[in-house]
Structures are given as structure tokens and as C-alpha cells.
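Trainee: Need a 3D model of the sequence below.
(chains A and B)
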Amino acid sequence: MTKQVLPLIEKIPQTILGFLESSPSCWSSSLSKTTQAHARILKSGAQNDGYISAKLIASYSNYSCFDDANLILQSIPDPNVYTFSSLIYALTKAKLYSQSLGVFSRMFSRGLIPDTHVLPNLFKVCAELSAFRAGKQIHCVACALGLDGDGFVQGSLFHMYMRCGKMGDARKVFDRMYNRDVVTCSALLCGYARKGCLEEVVRVLSEMESSGIEPNIVSWNGILSGFNRSGYHKEAMVMFQKMHHLGFLPDEIAVSSVLPSVGDSERLDIGRQIHGYAIKQGLLKDKCVISAMIDMYGKSGHVYGIIELFEQFELMETGVCNACITGLSRNGLVDKALEMFALFKEQKMELNVVSWTSIIAGCAQNGKDIETLELFREMQVAGVKPNRVTIPSMLPACGNIAALVHGRSAHGFAVRVHLLDDVHVGSALIDMYAKCGRINMSQVVFDMMPTRNLVCWNSLMSGYSMHGKAKEVMSIFESLVRTRLKPDFISFTSLLSACSQMPLEPDSCVWGALLNSCRLQNNVDLAEIAAEKLFGLEPENPGSYVLLSNIYAAKGMWAEVDSIRNKMESLGLKKNPGCSWIQVKNKVYTLLAGDKSHPQIDQITEKMDEISKEMRRAGHLPNLDFALQDVEEQEQEQALWGHSEKLAVVFGLLNTPDGTPLQVIKNLRICGDCHSVIKFISGYAGREIFVRDTNRFHHFKDGVCSCGDFW
DNA sequence: GTAGGGTTAG
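Mentor: Okay, the predicted model is just below:
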């Protein structure tokens, strides 16, 4: 019997002592033994004894019967610290942290004083919940009770502050600890590395040396992983070299901890040296080393490195395959990545959420929007549950092609699995809704976020700016300035595109905006200046040539139009073909400008004729300023009717029930003629029509457009 | 009954 139990036993009546002296199996060898013991206790009237009830609580908790345990606690008229602490211990062990804290607060409010046994449990709870304030309060209680010199209390307290990232508090506890060993020192080293404090790391190392505590491989690996995980790449590489220099041979863990930093710094030279070292030490059998090495080559743009390592590694291991998919997509080889992914499926490889998210992100980042959505569906069919990384990876694809239905269902999923607290998920939703024309939903998502970072604010501002809502952008910017966050380049870009002060050196975006205003104002002279700047800044972008040519064409300056066309030809630049997308019944259809091979072309032409006649009858004439060829009027008119956004809208009219809103996206700017035709259709056909072009949103309703005919 | 190290997805 321990010292603590003996005084308790002296107070226990004789009948109860009988239970204690019987073998432990009588209490807790099975749940039924516990229930039997419970029944006997109730019969003997011993249930109100603090120690006996504590043992019962511990036994019930052992079988996760926390309700029974709680009931016992509540039924005792006069529970003691030991009774409460047995439940606190059990709940903490079962990771029911909030409940554990709840029991503690009940205990504390009854005036019971925590002891050196309860306190470590409480600090562990605070550590797991990152509940720094609660932890600090309990620390104060411990100090007031004079219990903060206890080794266990100090150890758990130190751990709690470390987990909460409070290095100052952790260090104060550390300095008072008498049982500092290599384990505690390693934890401290890792904590400082996570904060990027190279100086502190070096100081702790020298303190260890002077107090005769030798750092081991785990200490070094902790330093490496700490620096690496928080993005201190240079520091991670410095410490890797230092460790090697001091004679510690980096092992598998050291190598896989430092390689991500090497890749992020694009230090292919260092990466190759580590590769050589890994071969020499025989570390290339380890799956983490292989994946990290593949990842390093991928980040450094060395595709052959990826393939070579992948082919050398004999095992088909999920992590290694995932690293390959990411490495290939990162370097634009998304088709190759898709090919590999198909092969993995064929070979019945175990594909996890990282595998699916990797290929989904690869597709989304390489313009394969439709594939992205298909893979997202396929993933769920395969029984792999998307997570907080998958959702923000696939949402941009929904935004790009305005696949509102898919975006909404991803939103619904995020709600069901409680992902809305995540800033990445939130920002991606804000962006998706804005691009799908639902800026109000963007605002709703933003308003409901519990915490917001700069990306969330920027997404909302760029959303409003895309919708031409300058006032809103400015008022959001003002609110942003009132927070602790600091607006960055992106915030200012949204603000600038919404208003026109300009404290920065104009870049291609600004000159592009100016060129577009010249088109609106028919200002050829200024347009030529802006276009010249753009030709210098982005000589390979056909957009600025086309825009200037449009301005000439609108003024009937056909010689200038020709000269621009010749210039483009001599530079080998081609006008991007006009292309629009529309979603009909969950499927996205692509329509190309002037495409006469479309299966429904006859119906489309017929419908267009009908609309054209109706328009003429209503007094609208086609706006030939936007026809870009110097040809006869009738031909020009036909070219206008071949514009992809008109084709898409008419296609939508034909293939959806009356009254269904239509959603179209265009890869170029919408032309003025299309704008007035679509405005007309929205009234004539009674449809709400959303058209998103490369930089603006147009919401047509009852013959009017949200942009006020100015874009 | 406290306490240290790894890869691949945004």
C-alpha cells in the first residue's frame, strides 16, 4: 500500500475493508465483476465512501461506462478529491478532454483542492485542446497551492505550454525544472525550431553541453522537422549540415525532414548531395526518404529525377506514388500524371485521400476543370472521403467553369463534415460563389466564418470587384484595415480595379484596364499608348493586339486593323478562338465561335433567326462596330451571330425548361453586340442569364444588365 | 499518472 492510501484506509469501516482486501479481480477484471461489486457495495451501504466510489468509477471507466461512473459520482453526498480525480483521469485517458475539464470545474467549485495527481491530467487536457488560457489559470492555482515544484506537475505544464506554442512560458517552467533530461531538452529545441528561433536553438544546445546532456539523433531530428514544418527552410538546411559536421550521421528521419525544405528553396545542388549521401548510407529503401526525394526533384523542376527514382523503387507504395503525381503535375505534365493515376487504379493500388486530392489538385491547377469534377465524383464512388484539403483543391474548377451545382454540393459536404471553420475551405467557397455569379453567397460564407485570414478578405474583395461593385470593395477594404491583418498586393489590386488612385508603377493589368477603357471611350490615341506599353510588357499576349484591333475596327480604321493582323502574324501570335461554356443538367458543354459542326446547329440557327427578327421588330439593329472584318454588312452580321456566347445562350434556351436561369462563361471579353442581344433575350425569353467573361460579371434580367452597360 | 524525431494533397 502506498503512503497516500494508508491514511484513507484507516478511516474505512471494517465491512468495506473486506472489499479492499479481496483480490483486484473482484473489482475490475470484467464489467460483470464490476457490476457485481457495485451491487454488493450498495447492499452493504458503503456506496457513500469516497475511496470505494473512486474505485468503482475507475472500474466502470475502464470499460468506457462513463455514464455509470458519472452517476456514481453524482450520487455521493460528499465526494473527495480522489473520487473526482479517478473520473478526470479516466476521461483524459479516453481523450474526452472537454468532459474532463467539466468534471474538474465541478470539483473546484465544490471547494476541493487539486493535488499533484490531478494537475498533470488537467495540463494534458489543456495541451490537447490548445487551451492556453485555461492552462495558465490552472497553473496559477498550482502556484497558489505551492504545487508547481512537483516534477510531474512541471513536466506536464512544460508540455502544455509547448503544445500551445508559448515558448516564453515553457522556458520559464523549463528553467525551474530539476529533472531536465535529453527528452525535455529535445522538446524545447523542437519548439524553438518551430518558431524559427535559430539563436535559441543554438543557445539550448550549448546549455546542454555545459550541463553534460548530450543531444541525440532525436534531438537533431526534432530541430530539423521543427524548422522544416514552419517554413524555415534555410535554417533546416543549416542545421542538417551542422549535425553532419558534428559527426551525427543523419538517418532516414533526418533526411526526410530536411528534403521538403531543400525542395522549397529549389536547391537542386544540395538535393543531389543528399541523394548521394542517402545512396551511400543505404537510406533509399525507406518509403519516406523516396517520397521526400521525389518531391524535392519535383519542386526543383527536375522531372527526370522523379521518374528515375520512381522506377528504381521496387515497391508500389501509396506515398511514393502520390509524390510522383504531384511532382509531374507541378511541372505541367498533368497528362502523364493522369496516365500514372489510371495505372495505379488498374493495378488495384491502395489510393488514399492524399492520392485523390493530389490528382484533383493537379488537374485543377492545369486547367483541366471538367476532369477535376469527374475525379471528385469518382473519388467518392471509390469510397474515399474528401477532407479539408480536397475541397479547396476542387472548388477553383467549379468557379472556372461556373459549375454552380458542383460547387454547391461541395459546400453542402463541407457543412456536413464541419469544415467551414477552415480558412482555406472558406476562401475557396467565397471565390467559387463569386465566379458563379452568386456574390451574395460569397458574403454569406464570409460572414459565417469564425476566423478569417487575409486570403478570405482578398477573395471577397476580388469577388465584388469582379462584379463591378466598387463601393462594396472600398467598404470591405476599410473594414480590413480595421482588423489586425495587413493588406497585401492582392488587396490593393482589388481596390485599384474598383477605384482609380494609383500609387504604384503601372503593370500589365493596369495598362490592360486602361486599354479597355479606351475601347469604351473610343479613344484611339490613348489606346495606342497603352497598347505599346502592353506589347513591351507582354509581347506574346494576343489579347492586347486584339483589343487594339477592335478599337480600330469600331472606328472603321481597316488599314490599321490589317497592320495589327500582319504584326500578329509576323510574331506568330494567333487570336485565341472564342469559346464559351454552359452547364445544362449537371453537364458542361463547350461552344466554339463560328462552329458549324455542332450537332444542334440547325436548331440554334433557327432560334437565332427568330430572335434577330424579334430584335429588329423591337427596333434593335446589330452593332457592327464589333464585327472585326472589313467585309460586307451581311457577312459581318453573320460573323457576329457566330460568337460563342450567343451560341451558348441559345443552346441553353433550347435545352432547358422555360424560366431556368442560364450560366455562361467566355474565355475572352464579351462583345458589345452579344451584350445587347443577351440583354434582349433575357427580357424576350424571360430568363435570368449570367455571363462571366475574362474580367467581369454580367447578370442579365428583364432586358437589363447588372454592369449598367459599362465594362 | 508528465515529456522528443519523418514523406506525399490546398
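Trainee: where does the residue in the stretch 501-650 of chain A positioned nearest to DNA strand B land in three-state SS?
Mentor: For the stretch 501-650 of chain A and DNA strand B, the shortest gap (Cβ to the nearest atom of the strand) falls at residue A:588, measuring 21.4 Å. Every residue, glycine included, has its C-beta placed from N, CA and C. Reduced to three states with DSSP: H, G, I helix; E, B strand; the rest coil, the structure at residue A:588 is strand.
Trainee: Who is it paired with across the strands?
Mentor: Residue A:588 has these beta-bridge partners by DSSP bridges: residue A:583.
Trainee: ok, it - how many residues close by?
Mentor: Residue A:588 has 17 neighbouring residues, counting by other Cβ atoms under 10 Å.
Trainee: Tell me who's in contact with it.
Mentor: Listed by Cβ atoms under 8 Å, 6 or more residues apart in numbering, the contact partners of residue A:588 are A:369, A:370, A:401, A:403, A:581, A:582.
Trainee: separation between it and residue A:682?
Mentor: Shown here: residue A:588 relative to residue A:682, a distance of 21 Å by Cβ to Cβ, to the nearest Å.
Trainee: cool, and residue A:555?
Mentor: Between residue A:555 and residue A:682 the computed distance is 29 Å (Cβ to Cβ).
Trainee: between these two, who's got more neighbours?
Mentor: Here residue A:555 and residue A:682 are compared on neighbour count by other Cβ under 10 Å; more neighbours surround residue A:682, at 23 against 14.
Trainee: Excluding chain neighbours, give the residue nearest to the more buried one in space.
Mentor: The spatially closest residue to residue A:682, leaving aside those adjacent along the chain, is residue A:700, at 3.8 Å (Cβ to Cβ, 6 or more residues apart in numbering).
Trainee: Which secondary structure elements does the helix or strand encompassing that neighbour sit against?
Mentor: Secondary structure from DSSP states H and E places residue A:700 in strand A:697-701. If contacts are counted by 3 or more Cβ pairs under 8 Å, 6 or more residues apart in numbering; DSSP states H and E, strand A:697-701 sits against helix A:672-684, strand A:689-692.
Trainee: Let me see the mean pLDDT of it.
Mentor: The average of the pLDDT scores along strand A:697-701 is 82.
Trainee: Return the alpha-carbon coordinates of that strand using PDB.
Mentor: Extracted as PDB, the C-alpha positions of strand A:697-701 are listed here (Å, rounded to 0.1, in the frame of the first residue of the first chain):
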ATOM      1  CA  PHE A 697     -19.700  39.500 -64.500                       C
ATOM      2  CA  HIS A 698     -22.900  40.300 -66.300                       C
ATOM      3  CA  HIS A 699     -26.200  39.400 -64.800                       C
ATOM      4  CA  PHE A 700     -28.900  39.900 -67.300                       C
ATOM      5  CA  LYS A 701     -32.500  40.100 -66.100                       C
END
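Trainee: Just checking the distance from it to the centre of its chain.
Mentor: For strand A:697-701, the gap between its own C-alpha mean and the chain's C-alpha mean amounts to 30 Å (Cα atoms, centre = their mean, to the nearest Å).
Trainee: which outside residues touch the helix or strand just after that strand?
Mentor: Stepping forward along the backbone from strand A:697-701, the first helix or strand reached (DSSP H and E) is strand A:704-705. In this structure, residues lying in contact with strand A:704-705 by Cβ under 8 Å, 6+ apart are A:675, A:678, A:679, A:682, A:683, A:698, A:699.
Trainee: List the strands paired with strand A:704-705, with their directions.
Mentor: strand A:697-701 (antiparallel).
Trainee: Next, the angle from the strand it pairs with to helix A:672-684.
Mentor: Between strand A:697-701 and helix A:672-684, the angle comes out at 40 degrees (axes from the mean of the first three to the mean of the last three Cα atoms, to 10 degrees).
Trainee: Where does the prediction get shaky in the stretch 1-150 of chain A?
Mentor: Filtered on pLDDT under 70, the stretch 1-150 of chain A yields the residue ranges A:1-28.
Trainee: Next to DNA strand B, which bits of it? Give me the list.
Mentor: Among all residues of the stretch 1-150 of chain A, those adjacent to DNA strand B (criterion: Cβ under 7 Å from any atom of the strand) are A:85, A:86, A:88, A:89, A:117, A:118, A:120, A:121, A:124, A:127.
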